[in-house]
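**Q** A structural model of the following input is requested.
(one chain, ligands or ions: 1)
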Amino acid sequence: MGRMQERREPMEVRPHFVESYERLITTLLDTYPLDEAMSLAVGGAYDALGEAEADLLNRYGLLEHHFLIDIGCGSGRLSSAIGRRFPGLRYLGTDIDPRLLEYAAGKAPGNFQFLLHQQLSIPADDASVDFIAFFSVFTHLLHEESYTYLRDAKRALRPGGTVIVSFLETSHHWETFESMLLLVGTNQSPHLNMFIERPMLIEWARHLELELDLPEPSPGQSMAIFRRVQLPIDFEANIYLELHKDVADAGVDPIHHYLIQGHKEGRRYR
Ligand SMILES: C[S@@+](CC[C@H](N)C(=O)[O-])C[C@H]1O[C@@H](n2cnc3c(N)ncnc32)[C@H](O)[C@@H]1O
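**A** Model prediction:
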């Protein structure tokens with residue numbers, strides 16, 4: 001044994017997203033009036049973007065009797081807008097900063113729930129949630145952190161349930177990338193900004209056996225819609241292979257094929 005020995009106490013690891021968002025929110029609250037700080041904390045355009053997020057959930061099938069979990073709900077852009085449309089919705093918003101949650105709760109119907117949650121997991125039972133939203137959240141995480149969230153979202157989704165993710169990609173958000181370039185070496189970047197390219201999302205869906213829709217982007221962030229497809233109880237692998245020679249010829253696992261592609265294409269399974 002050498003003479004230099006060091007006793008290391010276990011260190012609490014504070015994730016980068018907690019550090020950076022806490023710092024950002026403290027600065028905003030010190031600089032701006034409350035409403036402005038709370039809007040800037042989630043990227044601004046509070047009412048307009050809240051309505052746009054609610055429109056998207058409506059378009060992809062959210063109904064008032066559903067259970068929606070809004071991960072990284074921030075200061076409540078979505079919860080205030082969706083609360084006006086669906087006050088009876090079962091809603092849970094999570095975030096890593098309590099100041100945002102308190103503000104969001106003040107603008108939402110009284111039955112909406114908010115939870116401080118700093119782990120990359122969905123605080124819900126298995127197969128219990130209809131919709132999980134990640135609006136402008138994967139844009140601030142490392143890919144492996146986003147995948148960890150998505151894997152747990154699959155666990156928490158009911159069969160037929162939907163995950164909506166907004167993301168940035170170089171082909172449509174180059175000006176955002178250029179604005180990030182300006183900050184290199186300045187120490188002024190408020191938080192991590194991460195682009196996710198489509199092939200990465202396609203691989204994530206394939207590995208997790210989730211069906212994926214990648215609509216053509218409209219203004220704003222791009223959207224990825226993942227669905228947990230239920231395998232029909234009367235599904236038989238050999239019948240599926242007989243019906244679809246292309247699947248048999250490709251040597252693809254028939255269950256995997258049905259879940260991530262065949263279902264979306266409306267292929268028969270019997
Ligand atoms: C750009 S804001 C978007 C807020 C909200 N989703 C919206 O669209 O209005 C990003 C939010 O994600 C939260 N956040 C950052 N890292 C997170 C994580 N790992 N899990 C959950 N929320 C996180 C931040 O505190 C912030 O409120």
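**Q** residues from this protein in reach of the ligand?
**A** 17, 21, 42-43, 53, 71-74, 77-78, 94-97, 100, 120, 135-137, 140-141 (C-beta under 6 Å from any ligand atom). C-beta coordinates here come from the backbone N, C-alpha and C atoms, glycine included.
**Q** how about the helices in this protein?
**A** Listed in chain order, the helices of the chain (DSSP state H) span residues 16-31, 34-41, 46-59, 77-85, 98-106, 143-156, 174-181, 198-208, 237-243, 245-250, 254-257.
**Q** reformat these as a markdown table; add mean pLDDT, distance to F112 and mean neighbour count.
**A** Rendered in a markdown table, the data for the helices of the chain read as follows (pLDDT from 0 to 100; distance: least, C-beta to C-beta, whole Å; neighbours: other C-beta atoms under 10 Å):
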| stretch | mean pLDDT | distance to F112 | mean neighbour count |
| --- | --- | --- | --- |
| helix 16-31 | 96 | 21 | 15 |
| helix 34-41 | 98 | 16 | 18 |
| helix 46-59 | 97 | 13 | 18 |
| helix 77-85 | 97 | 6 | 23 |
| helix 98-106 | 98 | 7 | 19 |
| helix 143-156 | 98 | 18 | 18 |
| helix 174-181 | 92 | 31 | 12 |
| helix 198-208 | 97 | 28 | 15 |
| helix 237-243 | 96 | 42 | 14 |
| helix 245-250 | 96 | 44 | 12 |
| helix 254-257 | 94 | 37 | 17 |
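**Q** how about the ones you listed in TSV, adding distance to L214?
**A** Conversion of the helices of the chain to TSV gives the following (distance: least, C-beta to C-beta, whole Å):
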stretch	distance to L214
helix 16-31	25
helix 34-41	28
helix 46-59	14
helix 77-85	21
helix 98-106	29
helix 143-156	14
helix 174-181	18
helix 198-208	6
helix 237-243	25
helix 245-250	22
helix 254-257	19
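**Q** report the inter-axis angle for the lengthiest strand in the chain versus helix 198-208.
**A** When secondary structure is assigned using DSSP state E, the longest strand within the chain turns out to be strand 157-167. With axes from the mean of the first three to the mean of the last three C-alpha atoms, to 10 degrees defining the directions, strand 157-167 sits at 170 degrees from helix 198-208.
**Q** for strand 157-167, which positions count as buried?
**A** The neighbour-count check on strand 157-167 (16 or more other C-beta atoms under 10 Å) flags L157, R158, G161, T162, V163, I164, V165, S166, F167 as buried.
**Q** count the neighbours of the closest residue to G43 other than its chain neighbours for me.
**A** Residue nearest to G43 in three dimensions, not counting chain neighbours: S136, with 6.1 Å by C-beta to C-beta, 6 or more residues apart in numbering. Using other C-beta atoms under 10 Å, S136 has 19 neighbouring residues.
**Q** hmm, G72 and S136 touching each other?
**A** Yes. In this structure, S136 sits in contact with G72. The criterion is C-beta atoms under 8 Å, and the distance is 7.2 Å.
**Q** where does the longest strand of the chain sit relative to the chain's centre, distance-wise?
**A** Distance of strand 157-167 from its chain centroid, counting by C-alpha atoms, centre = their mean, to the nearest Å, is 8 Å.
**Q** now that strand and helix 46-59, what's the angle there?
**A** If you take the same axes, to 10 degrees, strand 157-167 sits at 140 degrees to helix 46-59.
**Q** send me strand 157-167 as CSV with only the CA atoms.
**A** Taking C-alpha atoms only, strand 157-167 is exported to CSV below (Å, rounded to 0.1, in the frame of the first residue of the first chain):
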residue,chain,number,x,y,z
LEU,A,157,-47.8,2.9,-21.6
ARG,A,158,-51.0,1.0,-22.0
PRO,A,159,-51.0,-1.2,-25.1
GLY,A,160,-52.1,1.2,-27.8
GLY,A,161,-50.7,4.2,-25.9
THR,A,162,-48.7,7.0,-27.4
VAL,A,163,-45.5,8.9,-26.7
ILE,A,164,-45.0,12.3,-28.3
VAL,A,165,-41.5,13.7,-28.5
SER,A,166,-40.4,17.0,-30.0
PHE,A,167,-36.8,17.1,-31.3
